[in-house]
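A.B. asks: Structural data only, the sequence is not supplied:
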């Protein structure tokens, strides 16, 4: 990751997100309006509601500054005359105020808020207030259900009719979690349909979108998703390319800015995407451990209960698996490196055991949910060993424009590598999830698909001084060096002798 | 007020308030940063922290869009190369989160938030979250004190040394409240010092700034305010021209947008401005009635208690007057019309009684607070009758660049007038504060200084059909017509016969 770069500056018009006009303070005073008020902006019968910003310098009296969204809707040319007409504020602002006052919102009120966000009628200032109010005062399950369905209804949906659709979601937080490309083909090979969509990595080194993108196209339309699922049984698609519950994109930016995840909003955001692809059954993976979203069992169980309850409300049968998230899953961290490790397992490689175990257990749970078998783990193992999962994976990759008969050797891992060895003998005491992710990102992941880290020794294993502990991969030499320097500083794989420290006796007189 | 106008559109660079750069999504992905993250922007040793916005269309990879604040600080020319370097978020975001979690903020944490707002390091999205959190979770008196002092310390202050400085503030909500231009000269004529600052009308037809601006300059520097106060004893200045607690300007915009007034924030905003002008004694006018900020006595008393308590914390001796706010004060509503009515009273006009009574009572309270007399009302009346208040008012107006020896005839009231008469005989039953203000604003107030309304009959007075009930004044003929139309629709002065309605008996069989 580059932490410093030289860019060419350019003075430009900006997209404020919400439709915005800039008016001179003289004109706003004349019209009796203020900053944050709404106006209709009209030209030749076209009209848009915009939010007013004031300026004394940027526009002269009689002029109005017009930003992107307004410009496009009205098809304006510089100098065009437009009509400005004050209008009242959206009622949804009152409903946000109602939530601030800790009152339950009706179904109609929640739909009004979500629709106004979807139509960009609410500004980011107002959305920030909504997020803060929801964070503090929460929503009950009825409100959360309405929020979820409003988010579904303001976007695209994929209609699979009466068919049973299966889905899988990991709430994240654990690096190296490349189980999805193994689970989906096992499930699809059992004749269950699993149209899996996912997001890109935000703070991690590789999301499933980044892993799959290293070997095939993941930017699919909703028609593609439906078509491939019906044809092949499974799909591995980036959700960002489809307008599934698109309000989420707006909310996520504000939540990220405020560094908060309001519980009911997270529930609604995840479940609305599942509902939008027509899921009837969902398996949820909740990794538990330090640096994950569930720090202890009580917390993990509370998350599970919320998802199961919301699932009942919106017609999705949810099961949850609380999984071990104390160290990276498997050895590879980074898009192509994880693709390589996952495909090797599909090809018959017996390890890393943590990846195989987790993928088979979770795939097995889905098979049981689908009534395929009563012993899902064994069935999943049989499908994997038979090569049917590999065959199904290749069908999916081909359907998504990837190479025919793909193998683990096709994953474009970074050409520049650096081996890091132990500086003393002992046992691997700890592998820091956070440290490994930082080094992989410094090496270029997830943007550079070949970049990442492969761990040679996992926690508890013995190591001799000078033996390999991890390898850094990069697409660019200078990023490799930056990652190496960071690695030497962070020491993410800690080697300790059995005697970790020695406290000398203090002799007393 | 014009509700429709034709403006020339112009496509322009915008001032986002907070320093902002727009980066291509390719570059942000490369650098591992996201929208809402902070970066250092540097050129030739100059540096500024800016907030990142992403775009895929507005800037190409390798380019960075630079908005006003960044542009100015770095003195950039289009095409200049700048260095972008990711940096961590301001810690004040964590403190806002702490308040969301309903925990008490320390003095340092409150100062960090206010300083980051003052330096435009916090974005509007973050400020909106702060306002919402304060609205929901509140602040205790210790936090409110720190907030007030932080707002004082991030702005200009006027230092009067050991001198006793008096101040007066009306928390507003009642139209026609032109008592300040009467109170200030009475107080100053008693050798007490009263540097009165005020804001412009927001939703009303005339604030004291608008009234005074119709006859003299109110845009004074803090040096002017100090100098005139020491010289003449009183000043009537627009606070917006001086950087007294300037964070308030940023907060007010967001509060207005969200249509909320968090209690502790309102307290801090008002009291910080008083503290910044060096006030040691403050009289607070709390009008009570429908459409005012205190709807009943209990509410009014609670407001009073809060101000008195906060005053004790920051060293201001506060007294409060709960006043009648059920209908407009006096007859005139609108900048020049109110100036005219106030000057006429200073000239010896005995009415309107509601204005004279209120002004003498409140001025008298300040005289008592200053130890001038034990019978403030009588003393104020003596000063008014003697002509010393008029003389002092003229001194103030002259010192502020107004006409020498000003009289009520000098107020530039609107040339276009329209008389509205009663359409039946009866008694004036109700005068709607809101209705009168709307008509005055439609006639052009507060922007057009001559515009407004003069009420001929107040509540309880008899009126014959065809007799005058109110007159509309305007600077422009078309606004006069618009106000007349609105007046006929709203009927703000309601005339009823003594028998208001007659319910016919229903004969039962």
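C.D. replies: Arrived safely. Since this is a predicted model, take the numbers as computed values, not measurements.
A.B. asks: need the longest strand for chain A.
C.D. replies: Using DSSP state E to define each element, chain A has its longest strand at strand A:46-55.
A.B. asks: Starting from it, tell me which strands it pairs with and how they run.
C.D. replies: According to DSSP bridges, strand A:46-55 forms sheet pairs with strand A:20-24 (parallel), strand A:38-43 (antiparallel).
A.B. asks: out of these, nearest to residue A:428?
C.D. replies: Proximity of the strands paired with strand A:46-55 to residue A:428 was assessed by Cβ to Cβ; the nearest stretch is strand A:20-24, lying at 54.6 Å. For every residue, glycine as well, the C-beta is placed using N, CA and C.
A.B. asks: Quick check: mean pLDDT of the closest one?
C.D. replies: The pLDDT scores in strand A:20-24 average 84.
A.B. asks: Same question for stretch A:132-152.
C.D. replies: If you average the pLDDT over stretch A:132-152, you get 96.
A.B. asks: Just to be sure, residue A:237 is in a strand?
C.D. replies: Yes. Assessed with DSSP: H, G, I helix; E, B strand; the rest coil, residue A:237 lies in a strand.
A.B. asks: What score does it have for pLDDT?
C.D. replies: pLDDT, residue A:237: 91.
A.B. asks: Surely it touches residue A:218?
C.D. replies: Yes. Counting by Cβ atoms under 8 Å, residue A:237 touches residue A:218, with 5.6 Å between them.
A.B. asks: Give me the common contacts of those two.
C.D. replies: Common contacts of residue A:237 and residue A:218, defined by Cβ atoms under 8 Å, 6 or more residues apart in numbering or on different chains, comprise residue A:400.
A.B. asks: circling back to that earlier point, need the winner for burial among the strands paired with strand A:46-55.
C.D. replies: strand A:20-24 (a mean of 23; mean count of other Cβ atoms under 10 Å in any protein chain shown).
A.B. asks: which of the residues in the helix or strand just after that one are buried?
C.D. replies: Toward the C-terminus, strand A:20-24 is succeeded by helix A:25-31 as the next helix or strand (DSSP states H and E). In terms of neighbour count (16 or more other Cβ atoms under 10 Å in any protein chain shown), helix A:25-31 has its buried residues at A:27-31.
A.B. asks: How about residues contacting the strand or helix carrying residue A:228?
C.D. replies: Assigned by DSSP H and E, residue A:228 falls within helix A:222-232. With contacts defined as Cβ under 8 Å, 6+ apart, helix A:222-232 is touched by A:156, A:158-160, A:165, A:188, A:193-195, A:197, A:220, A:234-235, A:237, A:242-244, A:277, A:392, A:395-396, A:399-400.
A.B. asks: Now that we have these, which of them are buried?
C.D. replies: Buried, going by 16+ other Cβ under 10 Å: A:158, A:160, A:165, A:188, A:193-195, A:197, A:220, A:234-235, A:237, A:242-244, A:277, A:392, A:395-396, A:399-400, out of these.
A.B. asks: quick one: which of these sit in helices?
C.D. replies: Members of the buried ones among the contacts of helix A:222-232 lying in helices (criterion: DSSP state H): A:188, A:392, A:395-396, A:399.
A.B. asks: How is chain A divided into domains?
C.D. replies: A:20-87, A:92-138, A:166-237+A:273-408, A:416-496 (automatic domain parsing).
A.B. asks: For residue B:56, which of those domains is the nearest?
C.D. replies: For those, distance to residue B:56 was read as Cβ to Cβ. The smallest value, 12.3 Å, belongs to domain A:20-87.
A.B. asks: just how off-centre is that closest one within its chain?
C.D. replies: Chain-centre distance of domain A:20-87: 36 Å, with Cα atoms, centre = their mean, to the nearest Å.
A.B. asks: Also stretch A:135-143?
C.D. replies: Its chain's average C-alpha position is 23 Å from that of stretch A:135-143, according to Cα atoms, centre = their mean.
A.B. asks: residues making contact with that stretch?
C.D. replies: Outside stretch A:135-143, the residues that reach it (Cβ under 8 Å, 6+ apart) are A:99-100, A:102, A:104-105, A:110, A:147, A:260, A:262-265, A:309-310, A:313, B:100, B:102, B:132-133, B:136-137.
A.B. asks: what comes up buried for it?
C.D. replies: For stretch A:135-143, a neighbour-count test (16+ other Cβ under 10 Å) marks A:135-137, A:139, A:143 as buried.
A.B. asks: Could you do stretch A:331-349 as well?
C.D. replies: Buried residues in stretch A:331-349, counted by 16+ other Cβ under 10 Å: A:331-346.
A.B. asks: quick one: it near chain B?
C.D. replies: No. If you take Cβ under 8 Å from any Cβ of the partner chain as the test, stretch A:331-349 misses chain B, and the best it gets is 12.4 Å.
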